[in-house]
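# Sequence first, predicted coordinates after that:
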Amino acid sequence: MALQVYSTLTRKKEPFHKQPGETVTMYVCGPTVYKPSHIGHMVGPVIFDTVKRYLTYLGYKVTWVINITDVDDKLIKRAAELNTTVPALAERMTADYFDCLKKLNVTGIDHFPKATEHIGGMIEMITRLIEKGYAYPAAGDVYFDVSKDPDYGKLCNRDPEQLEAGSRIEVSDRKRNPGDFALWKGAKPSEPKEAIWESPWGPGRPGWHIECSVMASKLLGDTLDIHGGGLDLQFPHHENELAQSESATGKEFARFWMHNGLLKMGTAKMAGSVGNVVNIADLLQRHSPETVRFLLLSTHYRSPIEYSEDRLTEVAKSLQSFYRFFELYERATGESFYNIQQVECDQFPIGRPPDQITGMPDLESGSPGGEFMSCMADDFNTGAAIGIMFSTLSKLHYLGSLLKLDSNPSPYAVADIKNKTRILRTMANILGLFWAPPAKAALGGDDKLVAGLMQLLIDLRGNLRTEAKGAAKDNPLKPALFAQTDLIRKRLAELGVTLEDRPAGTTWRVG
RNA sequence: GGCCUCGUCGCCAAGUGGUAAGGCAACGGUUUGCAAAACCGUUAUUCCCCGGUUCGAAUCCGGGCGAGGCCUCCA
């Protein structure tokens, strides 16, 4: 099956048709940096990071841009509240955003343009729009005239005439039509001077939508292959971006509009405006970044995801079986799962559709499963792909049992499991999962002293076990010795440490 | 009022015309000194309801009922 991508513009899946050339250009709307990031802000980045990983695996080069909106009403207001400047606040919140991305293993973003660094380009585009008759200045502001754009509303199926019916649109006698939106906002007396720029229409700052149009074309060209963002940005933000850009350039703005579903808190979406946000920094106190990323990828990207502690706990539980396998793998092979080389895909030339990637639905072939690749080719169906990954894990565990990896593996068995585990490693790489071993750190598990003490305890308990197992059946010491070994295990469990007695020796872990 | 989604096992979730993936939970069994982990097996004749199209529908169409998003800032 060749790669199919759902297009918001046509409301259906379409064969992925990029522009000529090997590079895929992708633009995703980023945050307004006035508050620390909440989990909802990470949905898009995690999804599009996975999209990039998959496309890269197929052999495309992907250039991905996320913008940083560092000037806007909310920033001005918030900076005043905190008695700081807009640039200082923006810088701090941008750093927070970057930190969150890094923690969730979102590594593929190539450029983070800032709105304030592209004011000149915005003035140019606004000027061009005025010259072409799509925009008009009005008392220090500049507005886009929606009545001049014949296909305005095509992205969201909006009729400009009906926009008048909606009474929530900002009323302004400067606008010619109710649906007109600001390209440039004249400065108000109360606004700080670091948020004011000179322009042909007087001092002010850009409207919200224009920055994306300008930065996208500046960095990626007039036509994007993929434009992404949250579902809540469809209207008016993306509709207006599209109208501006296509009016200014006369070219198609984006081949594919992809919109991710929103994170919900109970039944309502999580958003600053609703006041039900969960900060990422807080969240990561309770759950690993991997758990969070896994949750975000476990459902289809266009569906809403409900955030809940229970859900995260459940996901964390399901990850355990992967970790158990990684440990088994390391015991058996002496090598870390995290260092495995993925199965390369470079035998598949650029643009070659995934249906030509053959072989491999099971563990017998050396390339990552056709089933997995088919799921990803079907509009990046990560939920189904994760299902395949679980099945693959099961097969590997089963193989591990057959090969007796935990007691006396033959060199053949070790070689076999090493070879087949590469498939799992490859799937994980495409989804951006299992990038680093889970920390034992919670209880000091990474500490050398703790590790030493644990080994001491395990050795002493091992002596007791050996003695108990060697004792005759009717020896009264036998149950007493076992009682001691069980007590040690029980007391450690109370501390959150699990002991596991295996043929080759006892292992321990936190959790 | 307009536009747009969604409703699949106790919970989460794939599947969008060919006879219900996967995870969590639960219950049997193997293994283990006992555990833990792992393995094997069981768990939706049925996909919110009612009609229709079809040889065939969870999937398409019509009508209900229910939940949500956008139309104002929002990832």
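The structure has been received and is ready for your questions.
# C-alpha only now, for contacts and for neighbours.
OK.
# packing partners for the helix ranked longest in chain A?
The longest helix of chain A (DSSP state H) is helix A:309-333. Secondary-structure packing of helix A:309-333 (3 or more C-alpha pairs under 8 Å, 6 or more residues apart in numbering; DSSP states H and E): helix A:289-297, helix A:382-402, helix A:411-431.
# Which SSE is immediately downstream of that helix?
As assigned by DSSP states H and E, the chain's next helix or strand after helix A:309-333 is helix A:370-377.
# Give me whichever of the helices and strands packed on helix A:309-333 is most buried.
Among these, ranked by average contacts under mean count of other C-alpha atoms under 10 Å, first place goes to helix A:289-297 (a mean of 23).
# what's it in contact with?
Residues from elsewhere that reach helix A:289-297 (C-alpha atoms under 8 Å, 6 or more residues apart in numbering): A:43, A:46-47, A:103-104, A:305, A:312, A:315-316, A:319, A:382-383, A:386, A:431, A:433-434.
# If we check RNA strand B, which of those are in contact?
With C-alpha under 7 Å from any atom of the strand as the criterion, the contacts of helix A:289-297 include A:43, A:305, A:315, A:383, A:386 near RNA strand B.
# got JSON lines for these, with pLDDT too?
Output for those, formatted as JSON lines (pLDDT from 0 to 100):
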{"residue": "A:43", "pLDDT": "97"}
{"residue": "A:305", "pLDDT": "94"}
{"residue": "A:315", "pLDDT": "96"}
{"residue": "A:383", "pLDDT": "96"}
{"residue": "A:386", "pLDDT": "96"}
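# want to throw the residues you listed into a markdown table with distance to residue A:179?
Formatted as a markdown table, those follow (distance: C-alpha to C-alpha, whole Å):
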| residue | distance to residue A:179 |
| --- | --- |
| A:43 | 30 |
| A:305 | 32 |
| A:315 | 44 |
| A:383 | 38 |
| A:386 | 43 |
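# Put the alpha carbons of the lowest-mean-pLDDT helix or strand in chain A into CSV.
Ranking every helix and strand in chain A by mean pLDDT, DSSP states H and E puts helix A:160-163 at the bottom, with a mean of 73. Coordinates of each C-alpha in helix A:160-163 appear next as CSV, following Å, rounded to 0.1, in the frame of the first residue of the first chain:
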residue,chain,number,x,y,z
PRO,A,160,-17.9,34.5,4.4
GLU,A,161,-21.5,35.6,4.1
GLN,A,162,-22.5,33.5,7.0
LEU,A,163,-19.7,34.8,9.1
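# about what we covered before: compile the helices and strands packed on helix A:309-333 into TSV and extend it with columns for distance to residue A:162.
Shown next, in TSV, are those (distance: least, C-alpha to C-alpha, whole Å):
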stretch	distance to residue A:162
helix A:289-297	36
helix A:382-402	38
helix A:411-431	42
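# Nearest to residue A:252 among those helices would be which one?
Closest to residue A:252 of these, according to C-alpha to C-alpha: helix A:382-402, at 28.8 Å.
# That closest one versus helix A:309-333: what angle between them?
40 degrees (axes from the mean of the first three to the mean of the last three C-alpha atoms, to 10 degrees).
# Quick check: which helices or strands does helix A:382-402 pack against?
On the basis of 3+ C-alpha pairs under 8 Å, 6+ apart, helix A:382-402 makes packing contacts with helix A:289-297, helix A:309-333, helix A:370-377, helix A:411-431.
# Which strand or helix spans the residue lying closest to residue A:245 once chain neighbours are set aside?
Closest residue to residue A:245 apart from its sequence neighbours, by C-alpha to C-alpha, 6 or more residues apart in numbering: residue A:213 at 5.7 Å. Applying DSSP H and E as the criterion places residue A:213 in helix A:210-220.
# buried sites along that helix?
For helix A:210-220, burial by neighbour count (16 or more other C-alpha atoms under 10 Å) applies to A:210, A:211, A:212, A:213, A:214, A:215, A:216, A:217, A:220.
# do it and RNA strand B meet?
No - Helix A:210-220 lies apart from RNA strand B when judged by C-alpha under 7 Å from any atom of the strand; the minimum separation is 10.8 Å.
# what does that helix contact?
Outside helix A:210-220, the residues touching it (C-alpha under 8 Å, 6+ apart) are A:25-27, A:29, A:63, A:65, A:67, A:113, A:115, A:118-119, A:121-122, A:125, A:183, A:222-224, A:241-242, A:244-245.
# redo that, cut-off 7 Å
The set of residues that contact helix A:210-220 without belonging to it, under C-alpha atoms under 7 Å, 6 or more residues apart in numbering, is A:25, A:27, A:113, A:115, A:121, A:122, A:183, A:241, A:245.
# Let's see which of these end up in helices.
A:121, A:122, A:241, A:245.
# between the residues you listed, which is nearest RNA strand B?
residue A:241 (11.3 Å; C-alpha to the nearest atom of the strand).
# I'd like the distance between that closest one and residue A:44.
Using C-alpha to C-alpha, to the nearest Å, residue A:241 is found at 18 Å from residue A:44.
# Who has more neighbours out of those two?
A side-by-side neighbour count of residue A:241 and residue A:44, using other C-alpha atoms under 10 Å, places residue A:44 first with 24 against 21.
# tell me the contacts of the more buried one?
If you count contacts by C-alpha under 7 Å, 6+ apart, residue A:44 has them with A:229, A:230, A:260.
# What about those, which one has the most neighbours?
Among these, residue A:229 has the most neighbours (other C-alpha under 10 Å), with 23 neighbours.
# before we move on, back to that, any idea which of the helices and strands packed on helix A:309-333 gets closest to residue A:505?
For residue A:505, the closest of the helices and strands packed on helix A:309-333 is helix A:382-402, at 16.7 Å, according to C-alpha to C-alpha.
# Compute the inter-axis angle for that closest one and helix A:289-297.
130 degrees.
# The residue lying closest to residue A:279 once chain neighbours are set aside: how many residues sit nearby?
Excluding its sequence neighbours, the residue lying closest to residue A:279 (C-alpha to C-alpha, 6+ apart) is residue A:38, at 4.2 Å. Residue A:38: 21 surrounding residues under other C-alpha under 10 Å.
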